[in-house]
Each structure stands twice: as structure tokens, then as C-alpha cells.
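In: sequence first, predicted coordinates after that:
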2 protein chains.
Amino acid sequence: MTRTVVGSASKEVVIGLNQPFVIIGERINPTGRKKLAEEMKAGDFRRVKTDVLAQVEAGAHMLDVNAGIPLADEPAILAETVKLVQSLTDVPLSIDSSVVEALAAGLAVYRGKALVNSVTGEDERLEAVLPLVARYGAAVVAISNDDSGISEDPDVRFAVAKKIVSRAADHGIPKEDVVVDPLVMPVGAIPTAAQQVFWLLRRLRDELQVNTTLGASNVSFGLPNRIGINATFLAMAATHGLTSAITNPLEPEITATINATNVLRGLDPNCSAWIGAYRQPEDSERGRRRRGRQRPNPNG
Amino acid sequence: MTRTVVGSASKEVVIGLNQPFVIIGERINPTGRKKLAEEMKAGDFRRVKTDVLAQVEAGAHMLDVNAGIPLADEPAILAETVKLVQSLTDVPLSIDSSVVEALAAGLAVYRGKALVNSVTGEDERLEAVLPLVARYGAAVVAISNDDSGISEDPDVRFAVAKKIVSRAADHGIPKEDVVVDPLVMPVGAIPTAAQQVFWLLRRLRDELQVNTTLGASNVSFGLPNRIGINATFLAMAATHGLTSAITNPLEPEITATINATNVLRGLDPNCSAWIGAYRQPEDSERGRRRRGRQRPNPNG
């Protein structure tokens, strides 16, 4: 079973099929968060701090850190954010940028084995990012698109993933350290979008034997009740082999669904994580009386 | 693709892999509902009426009707309940009893093609129930246990399902009219319980080519936040081929999850059912109620 080990200075997290699903918190990202972008650019990291602590408290096993702010010094801000986040928490980080210099700056200050987010299948990107990943002994998210964009043909996306894994090996990066993102399209535009991903996840698990991650929220683009779609998509994807996701742990429906997949995949021994998270103090007889009206449990 | 067609006097419902998931409302069942049991025994059907209308309003495609009340005249009460429910709604019914005479009484008054719930794999049960199913041209739920109880070995459960399908054929009942319930054990007691069911669902779909149903709630027996486990289990089961479930449509998390599986399996053309259910006219009161918990949408 392929194990991807990432770490901070003091804590390791293992991504793998026989491991509990790894939640990578997505909130430290100014994209589409205007206030956060302005604050980070101005050197005000109070909201970052709050978001770090809240995500870890809510169950994030790793945090994604992105500092992509237009017209800002992204390498400097990303490095500063990485240092700050590592001073607040010991969960490992995913260092997230489309700018190679920013990845380099983040990796230079990172303590531990980071996940680099990400490399795509274009030759130029591969040759810029993979040496960095190799130099720092990091792991990397491999996004299965290339010069031609995101193919609607899952065969093409599989081929791109395979190419990245092979190119990574040329740079001395083992396949355990390549976590493939098969990419999901909006199901509102492409009705087979989720089915394509499930098929890709099984192939990535069985043929390429790599671990996987996804930014799940794209699947629900344009639809109402996006969290409902995203949570159900994650449950279905987990049972086809998805091993981690970049998602929002502050949404209780998302974390509950992911926690439930661990229970249902037999990866929560004695269901103790589930029971710890959801046991109600009101479960005691006294609590029931104090709470007053008790809603009958139709499943009880 | 195997299609199970059931119907009332005026409405057909198709259970099948390329059909939207069929929700069979579980609420008309006095088991564990002491008040309802007392009322039904005394001929007071007001709560039944409320539960029928609420479940159909919440999205049930069929309703399960059970009148299993200790020391009561179950055949008479079941027949009366079936007549009442058919006077209130045109959704097809699942006639649910472990008493053969009650099934016979329910079928005798039913208008349309019912689903008989259920037959198990014991020879005696098969020879008592299958002739009834054949006589009324009904469909039947086949529960994969037999004299030896519910086996923990999924191979044994598959063999029992196969035996029932074969025995049904002897009685002239085609496999389209046998809906197999692979049975799920509590995951709190048996960590592989859900994985066993997923494996069985794939075999039932691919080898036996039958449709399937499940009473999902057993999976979460003994655990807190049962709805969270049940909803996630249904999402995972649907993607392994589960085509219907006997469940509670009044739980917004359950219906939202099932509706989302239809979207993600490409079975909700233009996502119009989803959009109709969850669109925010910022927002109709009804939409809010159906969606349940509403929080700010970070993906919006």
C-alpha cells in the first residue's frame, strides 16, 4: 500500500488507502477572499491566525497555505505566512502557489517535509517544479492537466498523471511522494464529471498505485446547496480510493461525511474518533431530562 | 439494465441502475413507535395519514407499509392501512410483514403492482411467500439470510440471494421482480460491515444483475450522530450500485445526500431536480425547510 509521509518539525501525517482520510484545510487562501488578500498584503495576519486555529480545531490534518495576491510580493508573503502558520500549529503544510519562486521561498523556510501544491503536466512546469521538490525532499501534488488544458477525456487525464509520475522518478522523486489530483469538472456543465473522477480514482489506485487528492468544490460550481453536493461527492470519491482532499473543515457536513467514511471503511478503530466527535453530553439520562423535549430517533 | 417496475393504480416507479435512486419511506411502521402502534390497533389512523403526506412531500417515491403490532389482528390492520394509504397518495407501496397472512391480506386489497417486503432464504418462507408474489404479479424484496441467520460471510449472503432469485424463477417471477437486500450489520460491532455490503452490491449488480435495496439505519446501530453515518453510507452504497433504500425522507440530510448521488451519477438531467429542491429564491420558505441546516456558503 503506497504511503505518502509528510511532516512538520514534530508531526508526521501519512496519506494512504489504509489510513484515515486526510483533510487538508483550504482556508488560508486569499483567492476570492478580498479582505484576507488586502490584510495579508498589508502584513496583517490576524485572520490567518484565526483560520489556522479554527481549521485545526475542526479536524484538519494538514493546512494548505496560499498567498496568491495580485500585484503583491507573493514569494515574500508566502514565506512569511508559512513561518507564521508553523509557529501556530504542528500540522504539516501544503505550500500552494502557481509561481515557482513563491514555492521556492515557502520551501526555504519550511521545517519538515512539505507537500508542494502543485505541478502540472507541461514540460516547462515539470522542469521548474520537480527539481525544487527533489531538492527539499518534499512531496508534490500532480494535477492532471497539461498544455492542452483540462481534458474532458479521462484517458488523457490518466496519461498526464502517468507522465508526471514518470518524470518525477527521473528527478529521484518516488511515486509515494506524488499525490495525484485527477481534477473534477462542474457536474452542472458535464453530467459525467463525477463518474469520470471515480473511474480515474480507481485507475490511479489500482494501476498507478499513487495517492490522490482533490479540491472537491469545483464539482458543485453553479449549483445551489453546494456543500450538499461536495460532501456526497467526497463520500463517493473516498469509496473509489480518494485518500485526501483540500476542503473546508469548518463545514460540519464536510467533516462529518469524511469522518463517517473512515468509520465505514473500517479505518476508525472502535469508532472512537467518531464517538469522541459526536457523543452528546445530553446522552446521559440527566441531560435528556434537562434538555426537555426529546426528538424521537426514527432509527432508534 | 435490469428494470424493476412497481406501481399504484395510476403511477409507475422504476428501480434500476440508470434511474434516479428510489426512496422508500420507512415511517408507516409501528415497530418501536409505541404511540403509533396503540393508535393503529385502536383504529386511529390520523398519524398514519400525517406520515404518508409528509413523506411524499419530502420526496419519497414509494412508501413502506407495516402493521406489525403485538397481539393485534395484523392482516386486518395491514389491509386497512394499505387501503387508507392508497386513498391518500398514488406512490406505489411496499407491503411489509413477516406474517404471510398479512402479506396476503395487503396484496388482496392493493391496487397496482406492489413490492412485497420480504422473503428470506429459508425453504419454508420461500414456498409460502413466492406463490403469493407470483399470484399477484408483484415484485419482492429478497433478504439474504436463511435458517442459519445472517451470515458474516458475504459469500454466503451472495449465495442466499442467488438461491432466492433462482427459486423465484421457478415460480415464474423474473429476476427484474426480485430486489435484493444484502443486509448491513452494525459497523460499530463489525468494522468491515459496510465494506462487505459494497462488495455484495457490486456482485449483485454485475453477476446476478438484480436491483437492490437496504434498510440503511442498521449500519449505525449504537453510534452517535446516526444520521451522519447513514447518509454517508447511502452515498457510498449508491456508487457501488445500490438502487433504492428503505429510509426516512423526513431527514433532510438523507434526502439531500440521495438527491446529490443522482446529480453525481448523471441521473438528474440539467440538475433540475436538485436546483428545484435547493434553489434559493433567496429562498422560498419551503426550500429552506427541505434543505435543513443552512450556513454561509464558503464555495459560493
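Out: Done, it's in.
In: now whichever strand or helix holds residue A:238: how far from the chain's centre is it?
Out: In this assignment (DSSP states H and E), residue A:238 forms part of helix A:226-239. Between the centre of helix A:226-239 and the centre of its chain there are 14 Å (Cα atoms, centre = their mean, to the nearest Å).
In: which strands and helices sit next to that helix?
Out: helix A:193-203, strand A:244-247, helix A:252-264, helix B:226-239, helix B:252-264 (3 or more Cβ pairs under 8 Å, 6 or more residues apart in numbering or on different chains; DSSP states H and E). C-betas here are computed from N, CA, C, even on glycine.
In: just the angle between that helix and helix A:193-203, please?
Out: 30 degrees (axes from the mean of the first three to the mean of the last three Cα atoms, to 10 degrees).
In: where do the strands of chain A begin and end?
Out: Per DSSP state E, chain A carries strands over the ranges A:4-7, A:12-15, A:22-28, A:62-66, A:93-96, A:115-119, A:139-143, A:178-181, A:211-212, A:244-247.
In: which other helices and strands contact the fifth one?
Out: I take that to be strand A:93-96. Looks like strand A:93-96 contacts strand A:62-66, helix A:74-88, helix A:100-109, strand A:115-119 (3+ Cβ pairs under 8 Å, 6+ apart).
In: quick test: name the residue nearest the centre of chain A.
Out: residue A:246 (2.3 Å; Cα atoms, centre = their mean).
In: so that one touches residue A:64, yeah?
Out: Yes. Taking Cβ atoms under 8 Å as the definition, residue A:246 is a contact partner of residue A:64 at 5.3 Å.
In: mind listing the shared neighbours of these two?
Out: A:24, A:25, A:26, A:94, A:117 (Cβ atoms under 8 Å, 6 or more residues apart in numbering or on different chains).
In: buried stuff in stretch A:149-169?
Out: Neighbour counts using 16 or more other Cβ atoms under 10 Å in any protein chain shown place A:151, A:154, A:156-158, A:160-165, A:167-168 of stretch A:149-169 among the buried residues.
In: among these, which are in helices?
Out: Of the positions in these, A:154, A:156, A:157, A:158, A:160, A:161, A:162, A:163, A:164, A:165, A:167, A:168 sit in helices, assigned by DSSP state H.
In: before we move on, the earlier item: got a winner among the shared contacts of residue A:246 and residue A:64 for most neighbours?
Out: residue A:24 (30 neighbours; other Cβ atoms under 10 Å in any protein chain shown).
In: list the contacts for that residue?
Out: Neighbouring residues of residue A:24 by Cβ under 8 Å, 6+ apart: A:60, A:61, A:62, A:63, A:64, A:94, A:115, A:213, A:244, A:245, A:246, A:247.
In: at 6 Å what do you get?
Out: A:62, A:64, A:94, A:244, A:246 (Cβ atoms under 6 Å, 6 or more residues apart in numbering or on different chains).
In: and these, which is closest to chain B?
Out: residue A:246 (12.1 Å; Cβ to the nearest Cβ).
In: quickly list what the closest one is bridged to.
Out: Beta-bridge partners recorded for residue A:246 (DSSP bridges): residue A:24, residue A:215.
In: so it touches residue A:65, yeah?
Out: No. Counting by Cβ atoms under 6 Å, residue A:246 does not reach residue A:65; the two are 11.2 Å apart.
In: which among the helices and strands packed on strand A:93-96 is found nearest to chain B?
Out: Nearest of the helices and strands packed on strand A:93-96 to chain B, taken as Cβ to the nearest Cβ: strand A:62-66 at 13.7 Å.
In: only C-alpha atoms, please: export that closest one in PDB.
Out: Extracted in PDB, the C-alpha atoms of strand A:62-66 (Å, rounded to 0.1, in the frame of the first residue of the first chain):
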ATOM      1  CA  MET A  62      -2.800  19.400   7.200                       C
ATOM      2  CA  LEU A  63      -3.300  23.000   6.000                       C
ATOM      3  CA  ASP A  64      -2.900  24.400   2.600                       C
ATOM      4  CA  VAL A  65      -1.200  27.800   2.500                       C
ATOM      5  CA  ASN A  66      -1.600  30.100  -0.500                       C
END
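In: residues from chain A in reach of chain B?
Out: On the criterion Cβ under 6 Å from any Cβ of the partner chain, chain B has as its neighbours in chain A the residues A:187-188, A:191-192, A:194, A:217, A:223-226, A:228-229, A:232-233, A:235-236, A:239, A:248, A:256-257, A:260, A:263-264, A:266, A:271, A:278-279, A:298-299.
In: any low-confidence regions in the stretch 151-300 of chain A?
Out: A:281-300 (pLDDT under 70).
In: that older thread, widest-spaced pair of the contacts of residue A:24?
Out: A:64 and A:244 (10.8 Å; Cβ to Cβ).
In: which one's more surrounded, those two?
Out: When residue A:64 and residue A:244 are compared for neighbours, residue A:244 comes out ahead with 29 against 23, by other Cβ under 10 Å.
In: how about that one: what's its closest non-neighbour residue?
Out: Spatially, and ignoring its direct neighbours in sequence, residue A:244 is nearest to residue A:22 (3.7 Å; Cβ to Cβ, 6 or more residues apart in numbering or on different chains).
In: show me the contacts for the one you found.
Out: Residue A:22 sits next to A:15, A:61, A:244 when contact means Cβ under 6 Å, 6+ apart.
In: let's go with 7 Å and repeat that
Out: Counting by Cβ atoms under 7 Å, 6 or more residues apart in numbering or on different chains, residue A:22 makes contact with A:13, A:15, A:61, A:62, A:243, A:244.
In: neighbours around residue A:215, how many?
Out: For residue A:215, using other Cβ under 10 Å, the count is 21.
In: alpha carbons only: can I get stretch A:248-258 in CSV?
Out: Coordinates of each C-alpha in stretch A:248-258 appear next as CSV, following Å, rounded to 0.1, in the frame of the first residue of the first chain:
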residue,chain,number,x,y,z
ASN,A,248,-13.2,23.3,4.3
PRO,A,249,-13.1,21.6,7.7
LEU,A,250,-15.2,24.4,9.1
GLU,A,251,-18.2,23.0,7.3
PRO,A,252,-19.6,20.4,9.8
GLU,A,253,-21.3,18.5,7.0
ILE,A,254,-18.0,18.0,5.2
THR,A,255,-16.1,16.9,8.2
ALA,A,256,-18.9,14.6,9.4
THR,A,257,-19.1,13.0,6.0
ILE,A,258,-15.3,12.4,5.9
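In: now do that stretch: everything it contacts.
Out: A:21, A:23, A:25-27, A:54-55, A:58-60, A:227, A:230-231, A:234-235, A:247, B:225, B:228, B:232, B:298.
In: just the buried members of these?
Out: Among the contacts of stretch A:248-258, the ones that count as buried (16+ other Cβ under 10 Å) are A:21, A:23, A:25-27, A:55, A:58-60, A:227, A:230-231, A:234-235, A:247, B:225, B:228, B:232, B:298.
In: distance of residue A:112 from chain B?
Out: Distance from residue A:112 to chain B, counting by Cβ to the nearest Cβ, to the nearest Å: 27 Å.
In: burial count for that residue?
Out: 19.
In: please look at it and residue A:7 and confirm they touch.
Out: Yes. Contact criterion Cβ atoms under 7 Å: residue A:112 and residue A:7 qualify, at 4.3 Å.
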